[in-house]
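Student: Sequence and predicted model, in that order:
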Amino acid sequence: MEPLTESELRASFVNLTKGEAKRLRLPRDLAESPWGDLDYVGWRDPQSPGRGYFVAPIDDRHVGVALRAPTAGVGGRPSICSLCLTLRSGGVSLMVAPRAGKAGQQGHTVGTNICSDLACSLYVRGKRETGTPGMHETLTVEQRIDRLVGNLETFVARVMSAA
Ligand SMILES: [Zn+2]
């Protein structure tokens with residue numbers, strides 16, 4: 001994806017108020033993000049690990065989604081990230097996103113299992129290792145990227161859909 005500036009990131013959030021988006025903590029190493037290898041940029045709040053964020057290029061815009069996550073992963077049993085389908089033991093968290101707009105204000109959320117470090121793009125490219133013996137994937141890296149992008153679009157559509 002194209003590199004984004006701090007203000008572009010803040011302006012992209014669909015499930016935060018303007019004030020919340022202004023106050024959220026961005027990654028400290030934003031400028032050094034490996035943008036060329038990212039299908040979305042994701043990070044955990046460096047001071048409140050229970051909060052996570054990602055911003056993804058969807059159609060011709062950028063959509064940011066704020067997530068709440070438990071501090072620990074899902075038990076010790078291997079779990080699969082629903083975005084990149086990487087199998088990991090302990091490195092996947094159930095993350096919950098308030099829905100955009102009125103539905104979110106009324107407390108409606110969408111939950112899914114996501115890599116706790118929000119680095120799916122690096123796993124599908126083999127740029128980061130999980131430490132868990134993986135499934136034998138017959139897909140090429142290109143196909144795995146396409147699958148990740150498709151799953152990401154589906155998740156974002158669920159966050160943005162009317163209740
Ligand atoms: Zn993942």
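Tutor: On my side now, so go ahead.
Student: Next one: the residue nearest to residue 57 when sequence neighbours are not counted relative to residue 93, how far apart?
Tutor: In this structure, residue 57 finds its nearest non-sequential neighbour in residue 1, 5.1 Å apart by C-beta to C-beta, 6 or more residues apart in numbering. All C-beta spots, glycine's among them, are computed from the backbone N, C-alpha and C. Distance, residue 1 to residue 93, by C-beta to C-beta, to the nearest Å: 23 Å.
Student: Would you mind pulling up the elements that the one helix or strand in the chain whose mean pLDDT sits lowest packs against?
Tutor: Considering only helices and strands, the least confidently modelled element of the chain by mean pLDDT, DSSP states H and E is strand 87-89, at a mean of 85. For strand 87-89, the helices and strands in contact under the criterion 3 or more C-beta pairs under 8 Å, 6 or more residues apart in numbering; DSSP states H and E are strand 78-80.
Student: for the strand it packs on, which positions count as buried?
Tutor: With burial defined by 16 or more other C-beta atoms under 10 Å, the residues of strand 78-80 counted as buried are 78-79.
Student: Strand partners (parallel or antiparallel) of that strand?
Tutor: Using DSSP bridges, the strands paired with strand 78-80 are strand 87-89 (antiparallel).
Student: and the next element down the chain from the strand it pairs with?
Tutor: Under the assignment DSSP states H and E, the closest C-terminal helix or strand after strand 87-89 is strand 92-98.
Student: do that next one and the ion meet?
Tutor: No. Looking at strand 92-98 against the ion by C-beta under 5 Å from the ion, there are no contacts, and the closest approach is 7.3 Å.
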